[in-house]
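1. Please work out how this folds:
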Amino acid sequence: MQRRDFPSIMKIVPLLSGCLLAAFFGMFSVGAQTANTVNATTLASYDNVHPKLLLDTTKFNTIRSAILSPPAGTRWADMWLDFKAAADAAAAKLPPEYTTPGASDEQLWQREVGDTLGILAMAYVLTKTTPLAVDTIWMEAEDVPVRSPMAVYSDPTVSGGKYIATPIGGALNNPNTQPPSATYAFSTVRTANYHLWLRVYSPDANSNTAWLAINGSQLSFTSSAPHGSWKWVYCGSWNLSPGNHAFGLTYQKQGLCIDKLVFSSDPNLAPSGLGIEQRWVEAEDFQLNNTGTASNPNNLIVKTTSGLIPFGDSLAHGRQWLESWSGIPANNALPAATDVPDAQKTLTLTGGSYDVWVRFKAPYKGHDSFYFGVDTFGYSQVALDGTSVFPYNSLVPVTLLPYNKTLAAPNNGYAYREWVWRKVVSNYSLAAGDHTFKISNRNSSGGANPAIDRILVAPAGNAMPPEPNKYLAAAQQWARSSCNYPTWGTGDYGGDGLAAAHQLVGLSLLYDWCANVLGGMDRLMLRNTLSTRGAGMYNGIPTAWWRDNFLQNHLWTDMNALTFAGVAIHGESGAPDTLPWLQAAMDKLGMTMYCLGSDGADHEGAGYWCAVDHLLKYMDVSRKILGVDFFDTPWFGETADYRLYFDLPRNGQTGSQTHINFADSLGYDWAGPNYILRKLAAEYDIPTAQWQAAEYDAKKINYSNNVTYNTGTSPWLNLVWYNPAIPENSPTAEGLPTFGYFDDLDFAVMRTGWDGDESIVAYQCGPFLGHGVEAKNTTNYVNWGGNHVHPAASNFCIFGGGEWLLQNAGYTYKMTAYTNSLLISGAGQLGEGAFTFNSKPASAADPNGMLNPAIDADLSFTSPRLDYVVGNATACYPVSTGLTKFRRHLLFLKPDVLVVVDDVALSAPKPLELRFFPKQQTILQQGNVFKTQGPKARLDFTVLQIPAQVQASTKTVPVTLNTGGTSNRIAYSLATTSNLASMSSAVAFSWSPNAGNPRAVTFVAEPDGSVWKFKAGDQTVVLNRNDDSVRLFTCLEAETGALNAPMEIYGDESQAGGGQYVAAKAGTITNNPDALTTPSAQYTFNVLAAGNYAVWARVKAADGGSHSFYFALNPVAGTAYTLKSTYPTYGSWVWLKLGGVAALNAGNNILAIRYRQALCKIDQFLVTEDTSFVPSGSY
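-> Residues are numbered from 1 along each chain as shown. Okay, here's the model as predicted:
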């Protein structure tokens, strides 16, 4: 659908009804493919420049400034809060463990890994702060569990009174055959070389070595002479990123004793003596006491991060923490000093004045405190204060923070959920020796409770322990997992599928955006992975199954990913030459731009519209860094309108249904759509796209309200692609029509408005990849990407009353039998029969033939009360069926009636069946009406006209789902009971809210069958079967008016419309209408626009004594009534024009009738804008 920078396809033409209605005419051009070449000079100018992918430092700073001080009338604060919710969820989640794939497993779970990396990288850049100038961490060797034969020994002369060692003697140890003897978790806050010193004792030269490893990087340590005394020994350094790290120590020669460790970014540190006493203790190492009930003896339990959890998270040290049982009684009384704690830990201290810090977090206010004590000094209550616990929320005022979106939090004023350090004991004087640190539960009684992760006992005055940025720390975990996966997809998807693509993008963003903060180890790991995995994707292009699928989301996603990786490492030391990668990707995506149609519609379905995400990212990078601008491709200027028209009414949208699900779509979004809309709004100046994005943000039905956010998402793009200069204008404000026609794929979307509660009828009837592709892909046919298309030409669906009424097939096997269309001898359209659409036979339809599947733009039109669409799907069926005509007419009597007329013809008689799939599966049949009722709305399916050899019924259809399994769906079926060479039928769908009843629909045909008339309430639509033209009238049944004596209703006339008419009863007569004080009958009717109309009455008189009556239009006091007579026609029904041209008001009008003669029969009144039209028969 085109309405901005490209030629319009909308034309206003008058129809025979006299209304000005919009008729839409398709247009597309073939054009020639343009070869595109990467600009190597522009590319080289970005070598070793970071950040550069989509953003640069200036853009990052602009976004951050806008969040800090949002300009009035902008969305920055809201978008930041939504994005932060997604980022917090990502940081809390554990990277997935590698699972052994099947022979052809796509390993699609790895998409989430790549998407999460992008989210975390953006969150870090926006929340980063200036780190400490010097970062030093002291640790006691004995403060972690050790593995035999290593053990803990006591010595009052060493730091903390204890050390670890292995007994002298025994074989040398191989560190590659067993886990470390001791593992230390520590955090860094700088990007620096961290230097390690150990305080050790080596009895002799045979007991002086150990293996040391950080994040898998291993080296051997040797304590040099002299031996036989405690000393500090320098072990080496590792270039580390800020974040969480694991240091593993494994003995090599038995007998080495280790007292203490210190890591420092200070290259000049020279530790001496016992060093500084810092006791880091993991909460899960506390001893748990039996202080609970018989069923739950321990009030506190150890919890472990496993996948996505609702509260504690992977950023807990060691991925474990202490938490009280949910549901145990709250303990609101401060425990006595001698009470047994729920958990305790004894530490041997050197002695002195100490502060105690605890790292913990709380889910929300009211569940944010616990009790802490030391020895017999007594307990104190520890709680978050609700105003200073948000280290990552500094970009917005605390008062603006919403409660966490995944936990019910009544009366909650703050979103806690951040790990924080709190000083719980200050300046305690503790003698040398053993001391007991105690924790007891306070909050519980249902719901989540405080999580306690770590304890630090340090000399008094020690600063609060620094925390690494949680988003960067989490990103490193995800990146290390990704880089260590042995495969990124296998079989047909090995290395060049979606799993690889998403991870290439995520790692590229982390490498590029965080270049200045990544340590050498992490940077080398990322560059090597991008080099090898990128080369794997590039080398796999010639044999990839998608290599020529230029309109397929896999090619789009993979080639964008290859571009990101190629740009990120181009020109970097140690990286391969990636220019061939970038040119290969441009060759493929250049063909995509050539193949895309002109209307912006997505043949794969609105669910797969998420792949536009990857194209837009690519186009951004190509324009900036590769020197080729693809934003002038017409399809992109139109695709925002496609998404606008394909959106469900706003008040009917939920997280599981957002759009019309033609083709392979589950009905909800796998990415965005808000940030995609923001980019389109910014690039093409589309206020409705900006408005639509804001509506999605406001409804919170995308990634941001769900911790298990959808794969394939890049929510950070909402911030990147937002241009506040584009206004947010609704479709109503922009004056958009309610009828959307997409001429390349031949989709028609008929809406009743834009108020959020409208009804929608959507119809599809075009070539599977569009008319443009049909005209281009004509020789040596190659599948350009029709896998996700359905064999569903002439399929339609209905959404009304806030829910689906008539459903599409959805994400299922490609079978016409699952659609609202035609079957011939039980078979469907070309391309059906498998998991994916078989485009080879479907391409056989002659693109230039008269039967090319299409909507008839010369007949189809829209008007305020009637939308009319005619489609021809004949060419979509195999020639072997003998089908010569399948022509469908949709007459949408707005707002709540759809009449469907089908004409089918074959060269020889065969079994025929039309199917229609209601959403609700409980059906009540009353005569020719089939009724369903859903949570919000009712739907009536009325069989109006079928041949005698056709039976209307319901049947259960087993539908094979692409997601696995089978769904039994009930269909309305119009099936022949004997073979037919032709079949014409008419059915109606009418709907209403549950509080009302759908309008009844009736059918009348002229005796010769040339005119079919359909009536619903006061609306009558007439279909001329000879030329497929239609007219819409206001038709009033005379018996529905406000009647006064002596006017009465009679039912003895079989040819009366509806079987009834009105007349003054026998024996009454008047020759003076002014003698009557009230009308004999009065009718109120509505017209949309003021203007000239014709008003007709259908009347019958037996003779000259019953042939006349009086009428007036919009009478007021003193209005003269006009006499009307059937003279000289008697004994048959005739249409009388009431006066000449009637000037009517917009809105309600009054027709008043006063009787003159008894038994003058009045059946119907008809109002039309076509003042030359002459009605016939009844309506």
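2. Quick check, central residue of this structure?
-> residue 669 (2.5 Å; C-alpha atoms, centre = their mean).
3. how close does the residue lying closest to it once chain neighbours are set aside sit to residue 751?
-> The shortest distance from residue 669 to any non-neighbouring residue, by C-beta to C-beta, 6 or more residues apart in numbering, is to residue 658 (5.5 Å). Quick note: C-beta positions are derived from backbone N, CA and C, even for glycine. Residue 658 is 15 Å from residue 751, where distance means C-beta to C-beta, to the nearest Å.
4. Check residue 929 too.
-> 26 Å.
5. So if I had to pick from these two, which one is more boxed in?
-> For residue 929 and residue 751, the more surrounded residue by other C-beta atoms under 10 Å is residue 751, and the numbers stand at 26 against 16.
6. What's opposite that one in the beta bridge?
-> Residues in a beta bridge with residue 751, per DSSP bridges, are residue 760.
7. got a list of what residue 666 touches?
-> Applying C-beta atoms under 8 Å, 6 or more residues apart in numbering to residue 666 gives the contacts 607, 656, 810-811, 963.
8. Most neighbours among these, please name it.
-> In those, the most neighbours by other C-beta under 10 Å go to residue 607, 25 neighbours.
9. Confirm that residue sits in a strand?
-> No - under DSSP: H, G, I helix; E, B strand; the rest coil, residue 607 falls outside any strand and is assigned helix.
10. where does the residue nearest to it when sequence neighbours are not counted fall, helix, sheet strand or coil?
-> Of all residues not flanking residue 607 in the chain, residue 665 sits nearest, at 3.2 Å (C-beta to C-beta, 6+ apart). Classification of residue 665 using three-state DSSP returns coil.
11. do the one 4 residues further on as well
-> Under the three-state scheme (three-state DSSP), the conformation of residue 669 reads as coil.
12. got the phi/psi numbers for it?
-> phi -90, psi 140 (degrees, to the nearest 10).
13. ok, so what distance separates it from residue 647?
-> Residue 669 is 10 Å from residue 647, by C-beta to C-beta.
14. Pull up the overlap in contacts between these two.
-> Between them, residue 669 and residue 647 share the contacting residues 658-659, judged by C-beta under 8 Å, 6+ apart.
15. I'd like the average pLDDT over stretch 480-492.
-> For stretch 480-492, mean pLDDT is 90.
16. no, scratch that, I was asking about stretch 515-524
-> 92.
17. Would you mark the buried spots in it?
-> Residues of stretch 515-524 classed as buried: 515, 517-519, 521-523 (neighbour count, 16 or more other C-beta atoms under 10 Å).
18. tell me the secondary structure for residue 260?
-> Applying three-state DSSP: residue 260 is strand.
19. Tell me if I'm right that it and residue 198 touch.
-> Yes - counting by C-beta atoms under 8 Å, residue 260 does reach residue 198; the two are 7.3 Å apart.
20. the more surrounded of these two?
-> Here residue 260 and residue 198 are compared on neighbour count by other C-beta under 10 Å; more neighbours surround residue 260, at 26 against 22.
21. Report all helices and strands that whichever strand or helix holds residue 112 contacts.
-> Following DSSP states H and E, the helix or strand that holds residue 112 is helix 109-127. Applying 3 or more C-beta pairs under 8 Å, 6 or more residues apart in numbering; DSSP states H and E, one finds that helix 109-127 contacts helix 57-68, helix 76-92, helix 470-484, helix 498-513, helix 717-720.
22. Model confidence at the residue nearest to residue 607, what's the number?
-> With respect to pLDDT, residue 665 has a value of 92.
23. before we move on, what about residue 400?
-> 39.
24. can you check residue 131 too?
-> 86.
25. residues in contact with it?
-> 189-190, 242, 466.
26. Take the residues you listed and lay them out in TSV including pLDDT, distance to residue 548 and neighbour count.
-> Shown next, in TSV, are the contacts of residue 131 (pLDDT from 0 to 100; distance: C-beta to C-beta, whole Å; neighbours: other C-beta atoms under 10 Å):
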residue	pLDDT	distance to residue 548	neighbour count
189	91	50	21
190	91	50	19
242	91	45	26
466	90	54	15
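27. Return the member of these nearest to residue 1056.
-> Set against residue 1056, the nearest of these by C-beta to C-beta is residue 242 (86.3 Å).
28. now that we're looking at that closest one, how far away is residue 216 from it?
-> The value you get for residue 242 to residue 216, if C-beta to C-beta is used, is 18 Å.
29. now residue 495
-> Computed as C-beta to C-beta, the residue 495 to residue 216 distance reads 23 Å.
30. With residue 745 instead?
-> Counting by C-beta to C-beta - residue 745 and residue 216 are separated by 51 Å.
31. who has more neighbours, the two?
-> residue 745 (27 against 11).
32. Which phi and psi values does the more buried one adopt?
-> Dihedral angles for residue 745 - degrees, to the nearest 10 - are phi -90, psi -10.
33. My guess is it contacts residue 598. True?
-> No - with contact defined as C-beta under 8 Å, residue 745 does not count as touching residue 598 (10.1 Å).
34. out of the buried residues of stretch 515-524, what pair is the most spread apart?
-> 515 and 521, at 14.2 Å, using C-beta to C-beta across the buried residues of stretch 515-524.
35. Could you break the chain into its assigned domains?
-> The record's domain split for the chain, according to automatic domain parsing, is 31-127+473-734, 136-271, 282-468, 739-1028, 1034-1168.
36. averaging pLDDT over each of the ones you listed, which comes out lowest?
-> Across these, domain 282-468 gives the lowest mean pLDDT, at a mean of 76.
37. so how far is it off the chain centroid?
-> Put simply, domain 282-468 sits 37 Å off its chain's centre (C-alpha atoms, centre = their mean, to the nearest Å).
38. tell me how far the ends of it are from each other?
-> 17 Å (C-alpha to C-alpha, to the nearest Å).
39. now swap in stretch 159-179 and tell me
-> End-to-end distance (C-alpha to C-alpha), stretch 159-179: 26 Å.
40. Report the buried residues of that stretch.
-> Those would be 159-166, 173, 175, for stretch 159-179 by 16+ other C-beta under 10 Å.
41. Spell out which two among those residues are the most distant pair, please.
-> Counting by C-beta to C-beta, the most remote pair of these is 161 and 175, 28.6 Å apart.
42. what comes up buried for stretch 105-113?
-> Buried residues in stretch 105-113, counted by 16+ other C-beta under 10 Å: 105-107, 110-113.
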